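Trainee: The following comprises the amino acid sequence and a computationally predicted model.
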Amino acid sequence: MAVYGDSAGTSFDIEVSDNPYSDEEFIITGLAKDSFAESISLGYTVASKTLQRKLGPLHIHCTNAGINKDGPSAGA
């Protein structure tokens, strides 16, 4: 989700798949890979703790999301 101003916003797709060929916890690709790295890392940790198990390596692709994190809802 991205918010523009007081009452406008949009949503975008995030594709996630298992990546058994990676040594890293997750790989981020797409237009927003730098903008959402911290948020994705937090989400990965929370999901792992909630499920009470280690998650496998993931490939996370942010499709048409060339949007910078900004403001109080950044990364939500």
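Mentor: Noted; the coordinates are in hand.

Trainee: What about Ile28, how many residues nearby?
Mentor: 19 (other C-beta atoms under 10 Å). Quick note: C-beta positions are derived from backbone N, CA and C, even for glycine.

Trainee: shift numbering so it begins at 56
Mentor: Shifting the count to begin at 56 puts that one at Ile83.

Trainee: Give me the spatial nearest neighbour of it, chain neighbours excluded.
Mentor: Among residues not flanking Ile83 along the chain, Ile115 sits closest, at 5.1 Å (C-beta to C-beta, 6 or more residues apart in numbering).

Trainee: Quick check: which element contains Gly111?
Mentor: Using DSSP states H and E, Gly111 sits within no helix or strand.

Trainee: That one: what's it in contact with?
Mentor: With contact taken as C-beta atoms under 8 Å, 6 or more residues apart in numbering, Gly111 is in contact with 73-75.

Trainee: Now do it against Ser90, distance only.
Mentor: According to C-beta to C-beta, to the nearest Å, Gly111 and Ser90 sit 24 Å apart.

Trainee: Then Ser77?
Mentor: Per C-beta to C-beta, Ser77 is found 21 Å from Ser90.

Trainee: Of those two, which one has the most company?
Mentor: Taking neighbours as other C-beta under 10 Å, Ser77 and Ser90 compare with Ser90 leading, 21 against 13.

Trainee: Let me know the secondary structure of that one.
Mentor: coil (DSSP: H, G, I helix; E, B strand; the rest coil).

Trainee: so what's it scoring on pLDDT?
Mentor: pLDDT for Ser90: 70.

Trainee: Likewise for Asn119?
Mentor: pLDDT at Asn119 comes out at 66.

Trainee: Return the residues in contact with Leu110.
Mentor: Counted by C-beta under 8 Å, 6+ apart, Leu110 has contacts 80, 99, 102-103.

Trainee: Tabulate those (CSV), appending distance to Ser66, pLDDT and neighbour count.
Mentor: Converted to CSV, the contacts of Leu110 look like this (distance: C-beta to C-beta, whole Å; pLDDT from 0 to 100; neighbours: other C-beta atoms under 10 Å):
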residue, distance to Ser66, pLDDT, neighbour count
Glu80, 25, 89, 16
Tyr99, 20, 89, 15
Ala102, 20, 91, 12
Ser103, 25, 92, 13
